[in-house]
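A.B. asks: Sequence and computational prediction follow.
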Amino acid sequence: MTPDEMAELAGVQVPGEAKALEVLAALDALTVRIRAADRIEAGEIVAEVLRDAQQVADCALLARTRPNDWGAWLLSLRAIRGMATAADALNRAVKAENQPPARLTVAGEADEWEGPDCLPDGWRAPDGWSVRPNGVWRDTDDGVEMVASRPVWVVAYYADVDGHGHSIGLAWRMIDGSDHQQVVPMSVAADSRGIVPLADDGLPVTSATARLLTLYIDAALTANARILPRAAASGRFGWMPGGGFLLGSRYIGPAAHAVQLMPDDGLKQRAESYSVKGSWEGWLSEVVAPAASSPFFWLTVYNAVASILIHPLDLPDNWVIDRSGETSKGKSTLGRAGFSVWGDPRSMPSWDATPAGVEGHAAMLCHLPVVLDDSKKAKGGSEAISAIVYRHSGTMGGLRGKPAGRGRGVGVRVSESWRSAMDSSGEQALTSFTQDAGLRGRVLCLRGDPLADGNAAVQITTGAHEHYGHLGTRVVELLTAEGVEEWRERWDDAYRAAREALQPHGAIPGRLAYVVAALMMGRLVAESAGLPAPPDDVDPIGMAQLAAIAAGGDADMPAAALQMVHSLAVAKMSAFWGRHESDRNDGTPREPGGGWLGAWDRGEDWDHLSLRVEVLHEALDRQGYDRGIIDRWRERGWLAPHAGMGNRAKVRINGEAVNTYRLTREAINRTGG
């Protein structure tokens, strides 16, 4: 597509276009005269053009603005017998007219033309190259060669704080005359193939000019190395090396270790969500006050604050706070209130995302909480929810391959990482989507109606839209100013107290003790930053402890799975050898249509319930239980395997030795079977 066609699509009038069309018409008329003349007269016609500076300038205008038309006209001139030399002479004159100054010393001099605002003072084009309003040019023995049809500048140099490589800031003039700045990885700027996709962002590059443009970028970087601003930059939010914190695009912390957000359009859009609006007093009166009677609210806020404590206090794991209950009872409203601790709740995402999408979101936020609303929207249902919770709690993205060099066929991509809390809401508890006991040790489920009435929900939502970002800013300012040593000591005390309170109630409550302790720390830090304490009759930490204890009752998955298997056996008793039906005439056992499920002695005098291996596996899979539960059964002494067979035992069914899992009667009785 020609520049004119692009301009037409963009609704832009290219400067000089109308004049260029007039010149083209005049040249076409000139061609008619030349064809009608003899060779001597035809040469004189071209010589008149060469002697007329204005006509040469007009031809140069046509060559700049409509190069294809200029080239086509030259070809038509060359096609006329005896005019090749004249065409070459005219083309050289036009190239000389279009040749820019040998060097642009300062791209922004008032007597020259305006460069972009981001161009450093003293910037210069490298030797042998020049930048002017009509593009980037390269000096050659025959004159100049166009590198880009619009100006391009190298304006900054960035080093990623997480060691993800180096980047440069490129700026270029768009077709509408505006200037665009973008951070480009060095691996892209140095690759003639890699740089071409930037044409989608407006960079004046084609596959034909890409090699020259990468050479120019490298030369410009070298020529301006001493004056280009160098910055520590980050492609994520959260804690930075040196003790500072990047909250959206705002750096809070020691000035000597300042970090700026990579000026990337996607990051910039998300950073705008983590800003400040309204007032602290407004947030207290319009968000906190209407929600103060709800322990759910306080835990949601404490969780939002505790998220950024995971990294500096080196807490043991990520976790999830999940609010569940009937629809329209305030779960999402409190999610928005929690989001308002850090930014604009209108940007709160939902569960309508893929595991990979949530992984990328968590990596970008890094230490800020991941808030997901309405779990019923999760793509992929229960499997996706389990995958997302596990990925988040794992603190690092999955391993992914990449093409590798140096004789190796496959390499490994750098995995993104994060240390944060998650906030979730939905009609069903997250733990109800799976029977996996491991997930229950990562999720603190808060069940019930979070708000007393709909009026409070409306008031909180309205207030959160008008006032946000204040508590989070106060917390970061507190932590970066005072350091975290004192808080580490207080964490030890909180964790010890939570373990002592919850470990007697079982493994899962003991596992959730660190979540309760983290919420206690979130409260301490938030109140030190100015958050008022809950009313005397509201005990959010007590509610968190009760939720952890309740999780213990829910989480004895081995017992629940055994109960399920026994129920299946009772429902299909005649499909078990020993309790089968027989032919009334000859007593031949009647094999069930689906085959034998296992063996179970008839009457009350039985010791074992045996299930065929494939039958038990299918039952566990169908009900959403992990097959690892079989190992838990053996650890508890609920299986009676044969020596050398692992968890299995050989049992005779209708004369045939069959591999089974033998469950003891004592285990079934103990679990309520």
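C.D. replies: Cool, the structure landed. Residues are numbered from 1 along each chain as shown.
A.B. asks: Can you pull out the low-pLDDT segments for this protein?
C.D. replies: Flagging of the chain using pLDDT under 70 yields the residue ranges 1-16, 99-113, 263-265, 326-328, 395-416, 434-437, 553-556, 624, 672-673.
A.B. asks: Grab the longest helix from it for me.
C.D. replies: helix 17-36 (DSSP state H).
A.B. asks: what's the offset of stretch 38-47 from the middle of its chain?
C.D. replies: In terms of Cα atoms, centre = their mean, to the nearest Å, the centre of stretch 38-47 is set 67 Å apart from its chain centre.
A.B. asks: Extract the CA atoms of that stretch and return them as PDB.
C.D. replies: Included here for stretch 38-47 are C-alpha records, laid out as PDB according to Å, rounded to 0.1, in the frame of the first residue of the first chain:
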ATOM      1  CA  ASP A  38      13.200  14.500 -32.900                       C
ATOM      2  CA  ARG A  39      16.100  13.300 -30.800                       C
ATOM      3  CA  ILE A  40      17.900  16.700 -30.600                       C
ATOM      4  CA  GLU A  41      14.700  18.600 -29.800                       C
ATOM      5  CA  ALA A  42      13.700  16.000 -27.200                       C
ATOM      6  CA  GLY A  43      17.100  16.400 -25.500                       C
ATOM      7  CA  GLU A  44      16.600  20.200 -25.400                       C
ATOM      8  CA  ILE A  45      13.200  19.800 -23.800                       C
ATOM      9  CA  VAL A  46      14.700  17.800 -20.900                       C
ATOM     10  CA  ALA A  47      17.700  20.300 -20.700                       C
END
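A.B. asks: Can I take it that Gln182 is in a strand?
C.D. replies: Yes - counting by DSSP: H, G, I helix; E, B strand; the rest coil, Gln182 is part of a strand.
A.B. asks: hmm, back to that, counting by contacts, list what the helix or strand following the longest helix of the chain packs against.
C.D. replies: Sequence-wise, the next helix or strand downstream of helix 17-36 (DSSP states H and E) is helix 39-51. Where contact means 3 or more Cβ pairs under 8 Å, 6 or more residues apart in numbering; DSSP states H and E, helix 39-51 is packed against helix 17-36, helix 53-65, helix 84-98. (Glycine included, C-beta is placed from N, CA and C.)
A.B. asks: Phi, psi for Leu215 please.
C.D. replies: Per-residue torsions, Leu215: phi -60, psi -40 (degrees, to the nearest 10).
A.B. asks: I'd like to know how far it sits from Ala189.
C.D. replies: Separation of Leu215 from Ala189 (Cβ to Cβ, to the nearest Å): 11 Å.
A.B. asks: More neighbours: those two, which one.
C.D. replies: Neighbour count, other Cβ atoms under 10 Å: between Leu215 and Ala189, Ala189 has more, with 20 against 17.
A.B. asks: quick one: that one and Val259, what's the gap?
C.D. replies: 22 Å.
A.B. asks: those strands in the stretch 101-250 of the chain, which residues are they?
C.D. replies: 129-132, 135-140, 143-148, 152-160, 166-173, 179-185, 230-234, 238-239, 245-247, 250-252 (DSSP state E, counting those that start in this stretch).
A.B. asks: the inter-axis angle of the second one versus strand 143-148?
C.D. replies: The one in question is strand 135-140. 140 degrees (axes from the mean of the first three to the mean of the last three Cα atoms, to 10 degrees).
A.B. asks: which residues are contacting strand 135-140?
C.D. replies: Residues outside strand 135-140 that contact it (Cβ atoms under 8 Å, 6 or more residues apart in numbering): 99-100, 102, 128-131, 144-152, 204, 212-213, 216.
A.B. asks: His465: what's it in contact with?
C.D. replies: Counting by Cβ under 8 Å, 6+ apart, His465 has contacts Asp344, Pro345, Arg346.
A.B. asks: The residue nearest to Ala529 when sequence neighbours are not counted is in what secondary structure piece?
C.D. replies: Distances taken as Cβ to Cβ, 6 or more residues apart in numbering put Arg474 closest to Ala529, at 4.0 Å, once the chain neighbours are dropped. Assessed by DSSP H and E, Arg474 sits inside helix 470-482.
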